[in-house]
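Undergrad: this one's sequence-less:
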Ligand SMILES: Cc1cc2nc3c(=O)[nH]c(=O)nc-3n(C[C@H](O)[C@H](O)[C@H](O)COP(=O)(O)O)c2cc1C
C-alpha cells in the first residue's frame, strides 16, 4: 500500500489517513495526540453554525485548535445556507482551518428534529444550496460528511454525491452506513466504490476500519482517495503510526511499551489540562478547576487505554476520585506492568 497525498480543491493533504469528527471524544487534545502519531487530517467536533453567528463563546471554543492540528477541518452543522455561509466566513477569518466541512450524517435526534445532520439527506437540493452558498462566501474548499442514506429504503448517496460535486464541493466523506444504523452493523464499502466510480471530486471512505490492514483493504476495494479511522483510534491513537509503518513495508504492529503508554496517558491528560486552562479564560464561572476537568475528560480515553488489563475493574471503581494529572498517572500505574524504570 502506498499512501498518496489527497487533493481537496486547492488543498493538498499529504497523508490521506484521517481522524473523523467524534463529538465529546475527538477534542483538541485527542486530535493533537493523533497528529503526533502521524494522522493526516483532523476534524473539529460538530459545531452549530447558527450559534457561531450568534457569537456563542461556548460554541467558538469548539473550534479552538493547537498549532499542531494543521491541517484541520472546521466541521459545522445547520440548514440555513445564508447562516452557514456567514459562519464559514468567520471561520475562514480565524486563519486556522484548511477546509470547511458540512455535517450531513449525524443521526442524533436533537440534531435531526431540527432538519440538520442526516436529515439533510432527505433534501439533497438543500445540501446543494448550502454547498453553493458556503463556496461563494469563502475561498477554503468545502466538503460534506454524510451517510449512504437515511435507511435502506432511502439509499441516495449517489445522488447526494452528485449534488455535492455539481454545487462546487471539493470532497465527500462517506460513513458507509445508513443513518438508521447509528454506528452498528457492517459498513457497505460497495457504496463507496460506486460513488468513487461516478465522481471526480475526492472521495473519503469511512466505517468499519478496526485494524491497520483494513486501511489497505478499503483503498484496494473501493478506490477512495482518503480513509477515516474513527472508533479504532480510541485507546489506540498509535494506529496512525501502524498504518504508516505498514505503508512503508513494515509489519504495522508497533505497540507502546507500558512505560510509553504511561507517558502517553500523561501527555494526553496534560494536553487536556492545557485545553481546559485556555477554556477557563473565557468562562465566568468554573464548574471544576481546569486540572480536575482534564481528569474528568480523560476518563473514557483512560478506560480505552487500559482496556483488557487485569485491574481495570479497580480503575473503573476509582475513576470518580481523579482530579489531577498526577492522580490519573498514579491510577494508571497500578495496572501497568514493567514500570520499574518509570519514576
Ligand atoms: C462518539 C462519537 C461521536 C461522533 N460524532 C460525530 C460528529 O459530530 N460528526 C460526524 O460527522 N460524525 C460523528 N461520528 C461518526 C464518526 O465520525 C464516524 O463516521 C463513525 O464512527 C464511523 O467510523 P468508524 O467505524 O471508523 O468508527 C461520531 C462517532 C462517535 C463514535
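TA: All right, it came through fine. What you are looking at is a predicted structure, and each value in this text was computed from that prediction instead of being measured.

Undergrad: Flag every buried residue along the helix or strand hosting residue 110.
TA: Following DSSP states H and E, one finds residue 110 within helix 109-112. Across helix 109-112, burial judged by 16 or more other Cβ atoms under 10 Å covers 111, 112. To be clear about C-beta, it is placed using only N, CA and C from the backbone, and glycine gets the same treatment.

Undergrad: following it, which helix or strand shows up next?
TA: Proceeding N to C from helix 109-112, the next assigned helix or strand is helix 124-137, under DSSP H and E.

Undergrad: give the contact list for the closest residue to residue 3 other than its chain neighbours.
TA: Closest residue to residue 3 apart from its sequence neighbours, by Cβ to Cβ, 6 or more residues apart in numbering: residue 247 at 4.6 Å. Applying Cβ atoms under 8 Å, 6 or more residues apart in numbering to residue 247 gives the contacts 1, 2, 3, 216.

Undergrad: Next one: residue 247 relative to residue 171, how far apart?
TA: 21 Å (Cβ to Cβ, to the nearest Å).

Undergrad: next one: residue 256
TA: In this view, residue 256 and residue 171 are 32 Å apart by Cβ to Cβ.

Undergrad: I would like the residues contacting the helix holding residue 110, please.
TA: So helix 109-112 is contacted by 46, 77, 103, 106, 117, 118, 119, 179 (Cβ under 8 Å, 6+ apart).

Undergrad: now that helix: mean pLDDT?
TA: Mean per-residue pLDDT for helix 109-112: 98.

Undergrad: Quick check: the residue lying closest to residue 70 once chain neighbours are set aside vs the ligand, distance?
TA: Leaving aside its chain neighbours, residue 70 sits nearest to residue 98 (7.3 Å; criterion: Cβ to Cβ, 6+ apart). As judged by Cβ to the nearest ligand atom, to the nearest Å, residue 98 and the ligand stand 17 Å apart.

Undergrad: Likewise for residue 298?
TA: Using Cβ to the nearest ligand atom, residue 298 is found at 15 Å from the ligand.

Undergrad: What of residue 106?
TA: 5 Å.

Undergrad: With residue 325 instead?
TA: Plainly put, residue 325 is 24 Å away from the ligand if you go by Cβ to the nearest ligand atom.

Undergrad: need the contact list for that residue.
TA: 266, 269, 270, 273, 291, 294, 295 are the contacts of residue 325 under Cβ under 8 Å, 6+ apart.

Undergrad: Could you do residue 309 as well?
TA: By Cβ under 8 Å, 6+ apart, the residues touching residue 309 are 335, 336.

Undergrad: what's the helix or strand for it?
TA: Using DSSP H and E, residue 309 sits in no helix or strand.

Undergrad: Which residue does the stretch 151-300 of the chain have closest to the ligand?
TA: residue 230 (2.6 Å; Cβ to the nearest ligand atom).

Undergrad: burial measure for the closest residue to that residue other than its chain neighbours, as a count.
TA: Distances taken as Cβ to Cβ, 6+ apart place residue 20 nearest to residue 230, at 4.9 Å, with adjacent residues excluded. Number of residues near residue 20 (other Cβ atoms under 10 Å) recorded here: 24.

Undergrad: Could you report the distance from residue 20 to the ligand?
TA: Going from residue 20 to the ligand by Cβ to the nearest ligand atom gives 3 Å.

Undergrad: was I right about that residue contacting residue 146?
TA: No - contact criterion Cβ atoms under 8 Å: residue 20 and residue 146 do not qualify, at 11.7 Å.

Undergrad: shared neighbours of those two, which are they?
TA: Taking Cβ under 8 Å, 6+ apart as the criterion, residue 20 and residue 146 both touch 173, 175.

Undergrad: How far does the helix holding residue 110 sit from its chain's centre?
TA: Relative to the chain's own centre, helix 109-112 is displaced by 19 Å; criterion: Cα atoms, centre = their mean, to the nearest Å.

Undergrad: Relative to residue 291, how far out is the closest residue to residue 4 other than its chain neighbours?
TA: Using Cβ to Cβ, 6+ apart and skipping residues adjacent in sequence, the residue nearest residue 4 is residue 16, 6.4 Å away. Using Cβ to Cβ, one obtains 37 Å as the distance from residue 16 to residue 291.

Undergrad: Ok, residue 267 next?
TA: 15 Å.

Undergrad: returning to that earlier point: tell me the spacing between the residue nearest to residue 70 and residue 170.
TA: 11 Å.

Undergrad: ok, now residue 309?
TA: 43 Å.

Undergrad: repeat for residue 236
TA: 30 Å.

Undergrad: so what's the residue nearest to residue 70 up against?
TA: Residue 98 is in contact with 11, 13, 41, 70, 71, 72, 73, 140, 141, counting by Cβ under 8 Å, 6+ apart.

Undergrad: switch the cut-off to 7 Å
TA: Contact analysis of residue 98 by Cβ atoms under 7 Å, 6 or more residues apart in numbering lists 11, 71, 72, 73, 140.

Undergrad: what pairs with the third one across the strands?
TA: Applying DSSP bridges to residue 72 yields these beta-bridge partners: residue 42.
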